[in-house]
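A.B. asks: what's the 3D shape of this:
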Amino acid sequence: MAQFTKKAIVEAFLELLNEKPLDKITVKEIVDSCEINRNTFYYHFEDIRALLTFVIDGEVERVAAKHADVESLEEGFIEAAHFALSNKRAVYHIYNSVSREELERYLNSIAEEVVRRLAEGLKVTREVSELDRELIIHFYKCGLSGMVMAWVGEGMKADPEQMIRSLGKLLEGSISAAMEKGRQRKRAGGKTTG
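C.D. replies: Here you go, the predicted structure:
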């Protein structure tokens, strides 16, 4: 029963988020929509921000679990973009609110998962220092999530699937090449190699 109630709260929240800005949504509106009392809401969530975090974390987990193998990571990023498109108004309301950092955290989580799995799938990665490996992963994560934030900010007009697939082709081998340079650096004792 508790899971059913939690799901109803999430659905009511997303419905409201597709109608109005995040800072205009009240707990009262959510509980009225679900036909529950305020105590029930607070049993599940501390506040609306905690509810937003729960929704975003759940989406990250769902996408990551569904696309666990390296071959489908691109598909996972495409799925995340389609989630944004199917909840376009909700995403805009988050993007234009004080909770914009939640959207950035969501995109960073998915981008990091994609890049980390790609990097860990490379044999050379095991021969790279942890510092260099994390720098490479961080760099590509920021690039991917930054592109998607820009896409959202520009009105989500470009086809996300085409954009992600094109980027995948353009970056093909670049993570591997960066890891190879990291391996060379490690072998040279951390000194820069040409």
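A.B. asks: Please parse the chain into its domains.
C.D. replies: Annotated domains of the chain cover 1-45, 59-187 [automatic domain parsing].
A.B. asks: So which of those domains is the most surrounded?
C.D. replies: When you average the neighbours per residue for each of these (mean count of other Cβ atoms under 10 Å), domain 59-187 leads with a mean of 17. The C-beta positions use only the backbone N, C-alpha and C, and glycine is treated the same way.
A.B. asks: which element follows the lowest-mean-pLDDT helix or strand in the chain toward the C-terminus?
C.D. replies: When the helices and strands of the chain are scored by mean pLDDT, DSSP states H and E, helix 73-86 comes last with a mean of 74. Next along the chain after helix 73-86, taking DSSP states H and E as the criterion, comes helix 88-95.
A.B. asks: So what touches that following helix?
C.D. replies: For helix 88-95, contacts defined as Cβ atoms under 8 Å, 6 or more residues apart in numbering pick out 14, 17-22, 52, 84, 100, 102-103, 152-153, 156.
A.B. asks: immediately after the longest helix belonging to the chain, which helix or strand?
C.D. replies: Longest helix in the chain by number of residues (criterion: DSSP state H): helix 130-153. The element immediately downstream of helix 130-153 (helix or strand, assigned by DSSP H and E) is helix 160-171.
A.B. asks: got the angle for the host helix or strand of A178 vs helix 160-171?
C.D. replies: With secondary structure defined by DSSP H and E, A178 is part of helix 174-187. Orientation check (axes from the mean of the first three to the mean of the last three Cα atoms, to 10 degrees): helix 174-187 against helix 160-171 gives 40 degrees.
A.B. asks: Which strands or helices does helix 174-187 pack on?
C.D. replies: For helix 174-187, the elements it packs on are helix 100-120, helix 130-153, judged by 3 or more Cβ pairs under 8 Å, 6 or more residues apart in numbering; DSSP states H and E.
A.B. asks: mind giving me a markdown table with those and columns for distance to R89?
C.D. replies: Below are these laid out as a markdown table (distance: least, Cβ to Cβ, whole Å):
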| stretch | distance to R89 |
| --- | --- |
| helix 100-120 | 13 |
| helix 130-153 | 12 |
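A.B. asks: ok, residues contacting the helix holding A178?
C.D. replies: By Cβ under 8 Å, 6+ apart, the list of residues contacting helix 174-187 reads 115, 118-119, 122, 124-125, 127-129, 132-133, 136, 139-140, 191-193.
A.B. asks: got a pLDDT number for the nearest residue to A81 once chain neighbours are set aside?
C.D. replies: Nearest residue to A81 in three dimensions, chain neighbours excluded: P160, at 3.4 Å (Cβ to Cβ, 6 or more residues apart in numbering). You'll see P160 listed with a pLDDT of 83.
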